[in-house]
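*Asks:* let me see the structure of the following:
(2 chains)
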There are 2 protein chains.
Amino acid sequence: MYKAPVDEIAFTLKHVAGLSKAIDEGRLGDLSDDLVDAILSEAGRFASDEVAPLAEIGDRQGARLVDGKVIVPDGWADLYRQWAEGGWNALVAPEEFGGQALPHMLNVAALEMWNSGSMAFALGPTLTMGASEALAAHGSEALKEKYLHKMVSGEWTASMNLTEPHAGSDLGVMKTRAERRDDGTYRIFGQKIFITWGEHEVTDNIVHLVLARLPDAPAGTRGISLFLVPKFLVNDDGSLGPRNDLHCHSLEHKLGIHGSPTCTMIYGDGKYGDEPGAIGYLVGEENKGLACMFTMMNNARLAVGMQGVAICEAATQKAVEYAKERTQGKAPGWTGSGMSPIIEHPDVARMLVTMKALTQGSRAICYSCAHAIDMAHHTEGPDAAFWQERAAMLTPIAKSFATDAGVDVASMGIQVHGGMGFIEETGAARYLRDARIAPIYEGTNGIQAIDLVTRKLPLSNGAHVRGFIAELKAVADQVRASNLDGFGATAERLSASLADLEAATEWMLARLGEGDAATALSGATPYQRLFGLALTGCYLAKGGLADEENGRDTRIALCRFAAENLIAETAALKDRVVNGAASLTAARVLFA
Amino acid sequence: MYKAPVDEIAFTLKHVAGLSKAIDEGRLGDLSDDLVDAILSEAGRFASDEVAPLAEIGDRQGARLVDGKVIVPDGWADLYRQWAEGGWNALVAPEEFGGQALPHMLNVAALEMWNSGSMAFALGPTLTMGASEALAAHGSEALKEKYLHKMVSGEWTASMNLTEPHAGSDLGVMKTRAERRDDGTYRIFGQKIFITWGEHEVTDNIVHLVLARLPDAPAGTRGISLFLVPKFLVNDDGSLGPRNDLHCHSLEHKLGIHGSPTCTMIYGDGKYGDEPGAIGYLVGEENKGLACMFTMMNNARLAVGMQGVAICEAATQKAVEYAKERTQGKAPGWTGSGMSPIIEHPDVARMLVTMKALTQGSRAICYSCAHAIDMAHHTEGPDAAFWQERAAMLTPIAKSFATDAGVDVASMGIQVHGGMGFIEETGAARYLRDARIAPIYEGTNGIQAIDLVTRKLPLSNGAHVRGFIAELKAVADQVRASNLDGFGATAERLSASLADLEAATEWMLARLGEGDAATALSGATPYQRLFGLALTGCYLAKGGLADEENGRDTRIALCRFAAENLIAETAALKDRVVNGAASLTAARVLFA
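*Replies:* Reported below is the predicted structural model:
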């Protein structure tokens, strides 16, 4: 069973991702290391002792639609209420609405733990947090007063309604429509799909944020507005009014995250109310809905990245435990009696160390992204712009690298278990089934790569990414200067990978400068992966360098393994970026 | 829905893997190109029209244990009977037992198609073929006369009983025991797990081949004997006698291949018969059971490799079809009206071409392995030893590379489908669930790597592998000499990858020469992958070179893409082989 790695999480936050420095500099108010430890420790206890034990039943029972009601797995409603009562929904929310206004770094660390416990369970609250953030940033005072307190406390959950059957990555073609009413409200009509936690009975009400198009809206993404559409209308005294005209039509039968209801939602077909049309309230301005969503997009993408980290951690823990217990054959050099634990076999050890490196690399990238978000919030002047750019740049890498790692690590976890890994009762297979959605939703990893290359590399005319690479080179120099034998060839390997990153980056910037998006995008995904691998090497090195205490040997050893085994892939990735486009174009003949 | 790529399969067999040359040389009797085409065409029709349509119901219903009976999915029993009546079970079996004695190349091509149609369905017959082969090679004439005809015709199926809870990769510790009886028969007692198609009602009888240990057997793998243990005893006139003392205790609940019953089998607990003990008949000699199994091991491993190829093909077909139909956004350079098909987006195209390359590379490796098996059977003198070595060397690569590709390609197939890929009804997710077992069973891919490095590289003191690499270098030279522009940088890329393969091979041989198995095995898995990638490049090049007809452009374009995008990974893999061991050893501190 999953046990939250609180010490590792705390170390990474503080010493790799920059939390301690930010605290020392007074950027984070009266937050102290001790408070950080206390929060992480309690979150870890809840995730390990309360969430994780209910993951398997959630997977087995799944969410069910019975007589129009969505039923969540046994025990989940109570679990959710306990979780909300613990204040976990409110970590980062503004204090005026009952939040604790803590740094995002703490929230993503907590998100990691909830998701390691049960990704299907953690998904619902993640959506509520995102919706709360969008509402806090763009909602009118009246809307916020009426809804946000209960969204922050978790008394009500929220959902995000973007996708339609023909509008996934491309939201510009969505058809859900909104009509103005004389009283300033709107009526919403349409169908939304893949709506996570779109319907359930766990809370009294559900707040849907819905993207829709007004009759006179411009075509495309500039004609989309955002509406708050509650399941039950809310009276001025805060009590619940009549049911709004929306309902869950069906649930998806999915590969994983079975406990999370994925709903097809119907708005405005007349099932409820006097006249057809779900009553909605505008959030932000008309036709500016997508901009409102972008406010929370970075955080939502990072939250999905945390799912990748979470699966990595949980799958690795399970595999290591099995590999220490299961005996089979005699590993080379094994001198014990009988069969050796399979962890002694080099092939199994290679898988496990690789899993550890990907877990810790993904974690450090994601926490560093959260750090940049926090710094942007707590910094003024030009430095704020710097941190905004850093957060913007790290977000697609965090989302894609960590979610790809989640799939790869979960798959390796199955392999370590051998035949038992394929048996559902073992639990290793669930991690792969759950993990597989994360590279897809909140913008596929291919979309992230497009974002990284076409929107993030050009930030400050390329100066930001060049500065970032210079920072990373300094890490390699520190490793070199440390003269610690345990690092092996880490310094030279890091330098080589960073040279690959630099060359690929300059190539990308040159293509963008020429307006040659097609060629640049041919290499976007390998470029994104290259960046993630180079960051993994550097962040693992930062961990080794920073650690003066017990874990030093292990952190340096993990870094060395990554440097000497994993990050050499950057050479092939750079080659694919720089030289791969022509053959990809030529290969289109295959599909003619 | 899957449509068997009969032309591509035929081309690969004939012009990449060597079938046409073998026919021309008269090695394969009166087999003609026309007969090959006719067989492939009919197998393709059956796989596409009969097997594939029943895959989804098989997955959804799964095999069920009801009142002690194993029920297969609706329609599967009829499907099996049609399949057996078509003679498909008998392709390679000896003529004296009703087989057609055709080359293995044809059988693996057919296996690919059955598995593309439904891996869970095809798995049962695969086991029967393996058991038939073992019995044909090692059974007494009496046993063969009584059982083999009906196993070859498919009137009875067979199962292979190796694994026990504590004996998976390491069969030496198995506990199932056999006792001698005065009448020359044996009584078998014990439990076997993960027994594919171990029980069902599709056929009147099931022939179990069971490994067990005699009371006075030496410890370890040298004390294991092989027994034929029928579900129903068979009278001398061939009619069925009483039920033997064995039964299916339970079915596994698995990630995939749901339609295939995976049984826990109990032998000799007294449920049936006068006295406890399942009646068994010795196959081969006492304590030589494992050697009997090794006879069929190569073919069984190759058959699992075909599952990987099969999933690659089916998942790629599905993804290409979806990517041509689904429209979303505007790809760079898109001049059509409205949204572009997602196949126009470079990231999606990159995934699809990669899937195609891995499919075709895996197929060519596996067919080449089958070719070597056939050549070994149809050659005499020193050349026979050469082909035996070639088959032995290619087997672990074929099994591991193709099954890893199956998982990777199925996962990419999900990604191409976006959110729809995660919905079970789409069918893309099933390919990943099914594919995930193939890197595990019939010897995990880690075991394959150990086999490749410690048993196959030393063949002929390393001369075989060196000769093989020389053959591959000749392919690169032919590409260079062809002067075909379409190949792009293929020749130099192939040469670089083959240099990596050569360097890694010499390093491995040196470690083995020093008796340093631990260091060699640290790099066994990356070495195996390196070999597979280099072969992929060379076999795709052979396809491009051999193709003088319609497909030439596409074959050369696919080769170029693989050469300029995929096989550059060999440099990192070589580095991991040659330089990775020390850091892996150092990283053991992580698990201390």
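*Asks:* what is the mean pLDDT for stretch A:560-570?
*Replies:* Confidence for stretch A:560-570, expressed as mean pLDDT, is 97.
*Asks:* kindly report the same for stretch A:66-84.
*Replies:* Mean predicted lDDT for stretch A:66-84 stands at 97.
*Asks:* list phi and psi for A:Q388.
*Replies:* Recorded main-chain torsions at A:Q388 are phi -60, psi -40, according to degrees, to the nearest 10.
*Asks:* so what's it up against?
*Replies:* With CB atoms under 8 Å, 6 or more residues apart in numbering or on different chains as the criterion, the residues that contact A:Q388 are A:A372, A:A376. C-beta: built from backbone N, CA, C; applies to glycine.
*Asks:* what's the separation between it and A:C369?
*Replies:* When distances are taken as CB to CB, to the nearest Å, A:Q388 and A:C369 turn out to be 12 Å apart.
*Asks:* give me the contacts around stretch A:167-176.
*Replies:* Counting by CB under 8 Å, 6+ apart, stretch A:167-176 makes contact with A:161-162, A:164, A:166, A:188-192, A:210-213, A:219-221, A:224, A:267, A:290, A:443-444, A:447, B:328-329, B:339, B:418-419, all of which sit outside it.
*Asks:* for the stretch 1-150 of chain A, which residue gets nearest to chain B?
*Replies:* With CB to the nearest CB as the measure, A:R60 is the residue of the stretch 1-150 of chain A nearest to chain B, at 9.4 Å.
*Asks:* and the pLDDT for that residue?
*Replies:* Note on A:R60: pLDDT of 98.
*Asks:* and it, what does it touch?
*Replies:* In this structure, A:R60 makes contact with A:P73, A:H258, judged by CB under 8 Å, 6+ apart.
*Asks:* and A:K271, helix, strand or coil?
*Replies:* For A:K271, the assignment made with DSSP: H, G, I helix; E, B strand; the rest coil gives coil.
*Asks:* give me the nearest residue to it, chain neighbours excluded.
*Replies:* Once flanking residues are discounted, A:K271 sits nearest to A:H247: 5.4 Å by CB to CB, 6 or more residues apart in numbering or on different chains.
*Asks:* neighbouring contacts of the helix or strand where that neighbour lies?
*Replies:* Applying DSSP states H and E as the criterion places A:H247 in strand A:246-251. The list of residues contacting strand A:246-251 from outside it, by CB under 8 Å, 6+ apart, reads A:63-65, A:68, A:70, A:188, A:191, A:198-199, A:208, A:229, A:231, A:261-268, A:271-272, A:278.
*Asks:* what is the burial count for A:G486?
*Replies:* A:G486 sits with 18 neighbouring residues when counted by other CB atoms under 10 Å in any protein chain shown.
*Asks:* mind listing what it touches?
*Replies:* When contacts are counted by CB under 8 Å, 6+ apart, A:G486 touches A:G544, A:D553, A:I556, A:A557, A:R560, B:A586.
*Asks:* tell me the SS of the fourth one?
*Replies:* Spelled out, that is A:A557. helix.
*Asks:* what's around it, how many residues?
*Replies:* 25.
*Asks:* can you check A:D74 too?
*Replies:* Here the number of neighbours of A:D74 (other CB under 10 Å) works out to 13.
*Asks:* helix/strand/coil for it?
*Replies:* Using three-state DSSP, the three-state assignment for A:D74 comes out as coil.
*Asks:* now do the contacts for it.
*Replies:* Listed by CB under 8 Å, 6+ apart, the contact set of A:D74 reads A:I57, A:Q61.
*Asks:* A:L452 now?
*Replies:* A:L452 is in contact with A:M393, A:P396, A:I397, A:A524, A:Y527, A:Q528, A:F531, counting by CB under 8 Å, 6+ apart.
*Asks:* the first one: what's it in contact with?
*Replies:* When you say that, I think you mean A:M393. Counted by CB under 8 Å, 6+ apart, A:M393 has contacts A:L452, A:K456, A:L457, A:L459, A:H464, A:V465, A:F468.
*Asks:* quick one: is the helix or strand in which the last one is found near chain B?
*Replies:* What that stands for is A:F468. According to DSSP H and E, A:F468 maps onto helix A:463-482. No. Shown here: helix A:463-482 not in contact with chain B (CB under 8 Å from any CB of the partner chain), separated by at least 14.0 Å.
*Asks:* for whatever residue of the stretch 101-250 of chain A ends up closest to chain B, grab phi and psi.
*Replies:* Closest residue of the stretch 101-250 of chain A to chain B, CB to the nearest CB: A:D170 (4.3 Å). Dihedral angles of A:D170 (phi, psi; degrees, to the nearest 10) stand at phi -110, psi 100.
*Asks:* so what pLDDT did it get?
*Replies:* At A:D170 the predicted local distance difference test score is 90.
*Asks:* that one: neighbour count?
*Replies:* Per other CB under 10 Å, the neighbour tally for A:D170 reads 18.
*Asks:* any idea how far it is from B:E141?
*Replies:* Here A:D170 is placed at a distance of 69 Å from B:E141 (CB to CB).
*Asks:* what of A:L573?
*Replies:* Counting by CB to CB - A:L573 and B:E141 are separated by 60 Å.
*Asks:* who's more crowded, the two?
*Replies:* Set side by side, A:L573 and B:E141 show unequal neighbour counts under other CB under 10 Å, the larger going to A:L573 at 29 against 8.
*Asks:* was I right about the more buried one contacting A:L530?
*Replies:* Yes. Counting by CB atoms under 8 Å, A:L530 is a contact partner of A:L573 at 3.9 Å.
*Asks:* OK, contacts around A:K318?
*Replies:* If a contact means CB under 8 Å, 6+ apart, then A:K318 has A:Y2, A:G413, A:G427, A:A428, A:Y431 as its contacts.
*Asks:* ok, it to chain B distance?
*Replies:* Summarising the geometry, the distance separating A:K318 from chain B, computed by CB to the nearest CB, to the nearest Å, is 14 Å.
*Asks:* check which helix or strand covers that residue.
*Replies:* When secondary structure is defined by DSSP H and E, A:K318 falls within helix A:289-325.
*Asks:* list the buried residues of that helix.
*Replies:* Under the neighbour-count criterion of 16 or more other CB atoms under 10 Å in any protein chain shown, helix A:289-325 has A:289-290, A:292-293, A:295-320, A:322-323 buried.
*Asks:* what's the next secondary structure element after it?
*Replies:* Proceeding N to C from helix A:289-325, the next assigned helix or strand is helix A:346-377, under DSSP H and E.
*Asks:* how much distance is there from that next one to the middle of the chain?
*Replies:* Once both centres are worked out by CA atoms, centre = their mean, to the nearest Å, helix A:346-377 turns out to sit 13 Å from its chain's centre.
*Asks:* got the angle for that helix vs helix A:289-325?
*Replies:* Helix A:346-377 and helix A:289-325 are oriented at 150 degrees to each other (axes from the mean of the first three to the mean of the last three CA atoms, to 10 degrees).
*Asks:* hmm, helix A:346-377 touching chain B?
*Replies:* Yes. Part of helix A:346-377 sits near chain B under the criterion CB under 8 Å from any CB, namely A:P346, A:D347, A:V348, A:A349, A:R350, A:M351, A:L352, A:V353, A:K356.
*Asks:* what average pLDDT does that helix get?
*Replies:* Taken as a whole, helix A:346-377 carries a mean pLDDT of 97.
*Asks:* type out the ChimeraX command that picks the buried ones from the contacts of A:M393.
*Replies:* Applied in ChimeraX, the following selects the buried portion of the contacts of A:M393 according to 16+ other CB under 10 Å:
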select /A:452,456,457,459,464,465,468
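*Asks:* now do the contacts for the spatially most central residue of chain A.
*Replies:* The residue lying closest to the centre of chain A (CA atoms, centre = their mean) is A:V304, at 1.8 Å. With CB under 8 Å, 6+ apart as the criterion, the residues that contact A:V304 are A:K399, A:T403, A:A438, A:Y441, A:E442.
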